[in-house]
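>>> Need coordinates for the below:
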Amino acid sequence: MHWSLDVTFAEDTSRIRKGEGAANAAIFRRLALTILKRYTEEKLSMRAKRLTASWNSENLLRYLTGNQA
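Take a look at the predicted model:
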């Protein structure tokens with residue numbers, strides 16, 4: 001899982017350091033990675049799924065609900 005987080009979200013380069021921020025960000029990254037892994041309708045890399053979800057809200061909704069287009 002660490003490799004996926006580092007490649008997809010560049011977790012090792014995160015500069016979040018204060019308080020509980022780093023732990024909170026790690027939880028959200030793991031949640032996002034789990035959602036992306038769960039959606040298997042398209043044969044895209046995790047990074048490509050993350051980018052397409054950020055570019056188009058329809059893709060994001062599809063990934064969140066697990067429904068096809």
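>>> Only C-alpha atoms from now on, for both contacts and neighbour counts.
OK.
>>> following the biggest helix by length in the chain, which helix or strand comes up?
Longest helix in the chain by number of residues (criterion: DSSP state H): helix 21-38. Sequence order places helix 46-55 as the next helix or strand after helix 21-38, per DSSP states H and E.
>>> And the longest helix of the chain, what does it pack against?
Applying 3 or more C-alpha pairs under 8 Å, 6 or more residues apart in numbering; DSSP states H and E, one finds that helix 21-38 contacts helix 2-9, helix 46-55, helix 57-65.
>>> These into a markdown table, with extra columns for mean neighbour count, mean pLDDT and distance to Ala23?
A markdown table is the format used below for the helices and strands packed on helix 21-38 (neighbours: other C-alpha atoms under 10 Å; pLDDT from 0 to 100; distance: least, C-alpha to C-alpha, whole Å):
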| stretch | mean neighbour count | mean pLDDT | distance to Ala23 |
| --- | --- | --- | --- |
| helix 2-9 | 14 | 74 | 14 |
| helix 46-55 | 16 | 90 | 21 |
| helix 57-65 | 15 | 91 | 22 |
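>>> of the ones you listed, which approaches Arg30 most closely?
Nearest of the helices and strands packed on helix 21-38 to Arg30, taken as C-alpha to C-alpha: helix 2-9 at 7.5 Å.
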